[in-house]
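J.: Okay, here's the prediction I keep looking at, along with the sequence it came from:
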Amino acid sequence: MKRVLIITYYWPPSGGSGVQRWVKFSKYLPSEGWQPVIYTPSNPEYTSVDRTLEAEISPQTEVIRRPITEPYGIYRRLMGKGSSTDMKTLTAGAAGGSVTPISSGRKSFKQRLSLWIRGNFFVPDPRIWWIRPSVRFLKKYLKEHPVDVIVTTGPPHSMHLIGEKLSKATGLPWIPDFRDPWTKMYYLKYLPLTSPVRKRLLKMEQSVLDNASTVLAVTPLVQDDFRSRTSTPVAMITNGYDEDDFVGPVESDGLFNIVHTGLFAEDGNPLTLWKVLGKKVAENPEFKEKMRLRLVGKVDGAVMEAIEAEGLKENVVDLGYKAHEAAVREQRAASLLILPLRNDPDYKPILPGKLFEYLAARRPILGIGQEDGAMARLLDEIALPGRIVSNWDNEERTRSFIDSVWSDYLEKGDTLLPPDGIDRFSRRSLTKELSHLLESQVSSK
């Protein structure tokens, strides 16, 4: 069996979307003739914990955990006891606070200072102190435990710098996997970076693109961007859904459940959607009685305020953060799934990972975002009924779709849509694609 070294910051018991891509790849890689060797921190700063994901790890997976030094102790002393430790998704340590202060306009002096320090002293990110000791350890490890290919997955993009140095030292083929863009990520513009630091980030990114054996993107628009900037081959494998997560019966509570799972940030607050729902609740007593807005995950205080301002407080069920398997149950039991994207022009190339799980749930989907963005293009491409993207301020399109789903619900209950066209996004199918890519690297070598 061939072996692939996967360098990742996020690994169970970490929760959240960042961990699932490579947990699922690693689950199915052994059936494709590849043993995953995971290199990950032993003492990372996680924003959420999901022990259920540990059951997804194949017994054939080798996991190497090594200590990491991160600057969050300094950050806590600056911000005060109880503050979150992730400078990208910190919750400000209080319920109802901002879940993404980088893009939030409501920053305290301490938050602005911490972001300036994070942006200019920890380049490319706060995990930089793990690069040198990781390269040193892995060079020794690989002499006694050889692998065939190296994969790094970011963010954090410091993982790619480990892979770049290790590939140069060993001559092994190396694939940097970009779960998100790097210098063109939408939130980077909110970091108060100095001009020299911005140039340094661009130089780092270009070096990674140029020195990789193959670059791996998760969306077509990111793939196109990378191809325009390097002669290195750029492959694409999207995120997906695991068929094993979508088996068994689904229990209905008889209500019209509008469900959102995952982080719900202020800059993704769909004000028009709340307005439409508020009007419908005010006009239709039956809708008011049966509609429930079920929120699964961390919700920004501004989002809750906007929902309540439209008279929807009694219809909200705020479930807070849940393990992945519980979130999937909510998706499968939904009458309508909503997927608001960040209201930011730079978010256009992003394909949120939960889109594929929403598709697998086979429920109607209302996306809120750019009608020519990556998510809208994918839904247009597969041309499935009952899944649309409406612009943030397109009240007519939003209302029409909700009216249609509600009408179907009254006539025949919750709609179970056909699964046609989504098989290619299953984790098994995507892992086969990954296996072919890994094999091509070995052949090239």
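T.: Cool, the structure landed.
J.: which residue ranges form the strands in this protein?
T.: Along the chain, counting by DSSP state E, strands occupy 2-7, 34-41, 62-66, 149-154, 174-178, 215-217, 234-236, 256-261, 291-296, 316-320, 336-340, 365-368, 387-390.
J.: For L115, which non-adjacent residue is spatially closest?
T.: Counting by Cβ to Cβ, 6 or more residues apart in numbering, L191 is the residue found nearest to L115 once chain neighbours are left out, at 5.9 Å. All C-beta atoms are positioned from the backbone trio N, CA, C, and that covers glycine.
J.: and that neighbour, how many neighbours?
T.: L191 has 19 neighbouring residues, counting by other Cβ atoms under 10 Å.
J.: List the backbone torsions phi and psi for it.
T.: Taking degrees, to the nearest 10, you get phi -80, psi 130 for the backbone angles of L191.
J.: Look up how far I117 lies from it.
T.: Distance, L191 to I117, by Cβ to Cβ, to the nearest Å: 10 Å.
J.: CSV for the strands of the chain, including distance to S48, mean pLDDT and mean neighbour count?
T.: Shown next, in CSV, are the strands of the chain (distance: least, Cβ to Cβ, whole Å; pLDDT from 0 to 100; neighbours: other Cβ atoms under 10 Å):
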stretch, distance to S48, mean pLDDT, mean neighbour count
strand 2-7, 21, 98, 22
strand 34-41, 16, 98, 22
strand 62-66, 19, 98, 15
strand 149-154, 18, 98, 26
strand 174-178, 21, 98, 27
strand 215-217, 25, 98, 24
strand 234-236, 28, 98, 19
strand 256-261, 13, 98, 24
strand 291-296, 12, 98, 21
strand 316-320, 11, 96, 13
strand 336-340, 20, 98, 23
strand 365-368, 24, 97, 24
strand 387-390, 27, 95, 23
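J.: out of those, nearest to L138?
T.: Nearest of the strands of the chain to L138, taken as Cβ to Cβ: strand 34-41 at 6.6 Å.
J.: Dump the strands of the chain to CSV, plus distance to Q441.
T.: Converted to CSV, those look like this (distance: least, Cβ to Cβ, whole Å):
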stretch, distance to Q441
strand 2-7, 9
strand 34-41, 11
strand 62-66, 19
strand 149-154, 5
strand 174-178, 7
strand 215-217, 11
strand 234-236, 10
strand 256-261, 35
strand 291-296, 38
strand 316-320, 42
strand 336-340, 34
strand 365-368, 35
strand 387-390, 35
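J.: need the contact list for the closest residue to E62 other than its chain neighbours.
T.: Closest residue to E62 apart from its sequence neighbours, by Cβ to Cβ, 6+ apart: V37 at 4.7 Å. V37 makes contacts with R3, V4, L5, I6, T61, E62, I64, H145, V147, as judged by Cβ atoms under 8 Å, 6 or more residues apart in numbering.
J.: Of these, which is the nearest to S400?
T.: Nearest to S400 among the contacts of V37, with distances taken as Cβ to Cβ, is I6, at 44.9 Å.
J.: hang on, that closest one packs against R21?
T.: No - contact criterion Cβ atoms under 8 Å: I6 and R21 do not qualify, at 10.3 Å.
J.: Figure out which of the strands of the chain is closest to E305.
T.: Nearest of the strands of the chain (Cβ to Cβ): strand 316-320, 11.6 Å.
J.: Could you work out the end-to-end span of stretch 122-130 for me?
T.: 12 Å (Cα to Cα, to the nearest Å).
J.: wait, stretch 141-150
T.: Counting by Cα to Cα, you get 13 Å between the two ends of stretch 141-150.
J.: Could you do stretch 368-379 as well?
T.: 13 Å.
J.: cool, and stretch 296-316?
T.: 11 Å.
J.: For the contacts of V37, give me a markdown table that also has distance to D177.
T.: Shown next, in a markdown table, are the contacts of V37 (distance: Cβ to Cβ, whole Å):
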| residue | distance to D177 |
| --- | --- |
| R3 | 17 |
| V4 | 11 |
| L5 | 13 |
| I6 | 9 |
| T61 | 17 |
| E62 | 19 |
| I64 | 18 |
| H145 | 22 |
| V147 | 16 |
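J.: that older thread, with L384 as the reference, measure out to the residue nearest to E62.
T.: According to Cβ to Cβ, V37 stands 38 Å off from L384.
J.: Name the residues contacting each of I6 and R21.
T.: T153.
J.: The stretch 151-300 of the chain: helices as residue ranges?
T.: Under the criterion DSSP state H, counting those that start in this stretch, the stretch 151-300 of the chain contains helices at 158-170, 195-211, 220-227, 271-283, 285-290.
J.: just the stretch 301-445 of the chain next, same as before
T.: 301-309, 324-332, 354-361, 374-382, 395-412, 427-444.
J.: can you check the stretch 1-150 of the chain too?
T.: For the stretch 1-150 of the chain, applying DSSP H, counting those that start in this stretch gives helices covering 17-28, 72-79, 109-121, 131-144.
J.: now those helices in CSV, with distance to I388 and mean pLDDT?
T.: Shown next, in CSV, are the helices of the stretch 1-150 of the chain (distance: least, Cβ to Cβ, whole Å; pLDDT from 0 to 100):
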stretch, distance to I388, mean pLDDT
helix 17-28, 23, 94
helix 72-79, 41, 58
helix 109-121, 36, 78
helix 131-144, 44, 98
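J.: Would you mind finding the most buried of those?
T.: Among those, helix 17-28 has the highest mean neighbour count (mean count of other Cβ atoms under 10 Å), at a mean of 23.
J.: Please save the CA atoms from it in CSV.
T.: Taking C-alpha atoms only, helix 17-28 is exported to CSV below (Å, rounded to 0.1, in the frame of the first residue of the first chain):
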residue,chain,number,x,y,z
SER,A,17,-16.0,22.4,8.6
GLY,A,18,-12.2,22.7,8.4
VAL,A,19,-11.6,19.2,9.6
GLN,A,20,-14.1,17.2,7.6
ARG,A,21,-12.5,17.2,4.1
TRP,A,22,-9.4,15.2,5.1
VAL,A,23,-11.1,13.1,7.7
LYS,A,24,-13.4,11.9,5.0
PHE,A,25,-10.6,11.5,2.4
SER,A,26,-8.6,9.5,5.0
LYS,A,27,-11.6,7.3,5.7
TYR,A,28,-11.8,6.1,2.1
